[in-house]
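Visitor: below is the structure, and that's it, no one-letter string:
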């Protein structure tokens with residue numbers, strides 16, 4: 001029983017992660033990350049769209065903004081502020097060396113300064129930032145709309161057309177000699193696409 005519950009929890013987590021990624025892609029969000037690794041603490045901008053962030057080095061904090069150009073400007077401005085802080089810590093070590101060193105001062109203090117540098121740069125440049133929690137809340141609202149629409153189709157009998165689309169997909173995919181998705185997997189992709197489309201509509205609203 002515990003194994004089944006654990007497996008269901010992992011599956012639910014994968015589904016939720018896929019829906020969140022679809023939302024970020026549709027909305028075109030770009031990430032601002034604070035990472036810590038062998039090279040020390042760094043502030044960087046991830047590409048717009050998928051919002052996939054490498055786990056090497058470890059991501060310590062992350063925010064999102066609407067445009068890649070804004071993310072890059074913000075990361076550059078915050079990095080300069082972090083470097084100035086490191087150069088003023090009285091160690092006499094050059095800023096570029098301090099930022100790249102994993103032993104540069106107290107790591108937790110550097111992380112706090114990095115977060116403050118991002119917040120300050122965002123305010124100065126007038127760039128709106130979203131936290132992971134805010135993005136998650138927005139995604140949940142969009143998912144609720146998608147699920148309500150699917151439930152509406154079920155009640156009205158219009159889900160039959162969706163089932164017909166799945167049968168057509170299976171026939172065409174099998175004819176090409178490709179592996180077909182199970183119905184629940186295919187419906188999962190359908191939900192992702194709806195979330196992505198709704199997010200894209202919000203992007204250009």
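Guide: That came through, no problem. In this text, all values refer to a predicted model and were calculated from it rather than measured experimentally.
Visitor: switch to C-alpha atoms for all contacts and neighbour counts from now on
Guide: OK.
Visitor: show me this structure divided up by domain.
Guide: Taking automatic domain parsing as the domain assignment, the ranges for the chain are 2-131, 133-203.
Visitor: for the last one, measure first residue to last.
Guide: Which is domain 133-203. Its first and final residues considered, domain 133-203 spans 19 Å by CA to CA, to the nearest Å.
Visitor: go on, the longest one?
Guide: For domain 2-131, the first-to-last residue distance is 33 Å (CA to CA).
Visitor: returning to what we had before: the domains of the chain: lowest mean pLDDT?
Guide: Comparing mean pLDDT across the domains of the chain, the lowest value falls on domain 2-131: a mean of 77.
Visitor: next one: it to chain centre, how far?
Guide: Computed by CA atoms, centre = their mean, to the nearest Å, the chain-centroid distance of domain 2-131 equals 11 Å.
Visitor: just name the most buried of the domains of the chain.
Guide: domain 2-131 (a mean of 18; mean count of other CA atoms under 10 Å).
Visitor: ranges for the strands of this protein?
Guide: Taking DSSP state E as the test, the strands found in the chain are 30-37, 40-45, 58-65, 130-131.
Visitor: make a markdown table out of those strands and add distance to residue 75.
Guide: Formatted as a markdown table, these follow (distance: least, CA to CA, whole Å):
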| stretch | distance to residue 75 |
| --- | --- |
| strand 30-37 | 7 |
| strand 40-45 | 5 |
| strand 58-65 | 11 |
| strand 130-131 | 15 |
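Visitor: so which of the ones you listed gets nearest residue 192?
Guide: Each of the strands of the chain has some distance to residue 192 by CA to CA; the shortest is strand 30-37, at 18.9 Å.
Visitor: output the contacting helices and strands for that closest one.
Guide: Secondary-structure packing of strand 30-37 (3 or more CA pairs under 8 Å, 6 or more residues apart in numbering; DSSP states H and E): strand 40-45, strand 58-65, helix 68-87, helix 107-125.
Visitor: distance to residue 31 added to these, as a markdown table?
Guide: Shown next, in a markdown table, are the helices and strands packed on strand 30-37 (distance: least, CA to CA, whole Å):
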| stretch | distance to residue 31 |
| --- | --- |
| strand 40-45 | 6 |
| strand 58-65 | 5 |
| helix 68-87 | 7 |
| helix 107-125 | 12 |
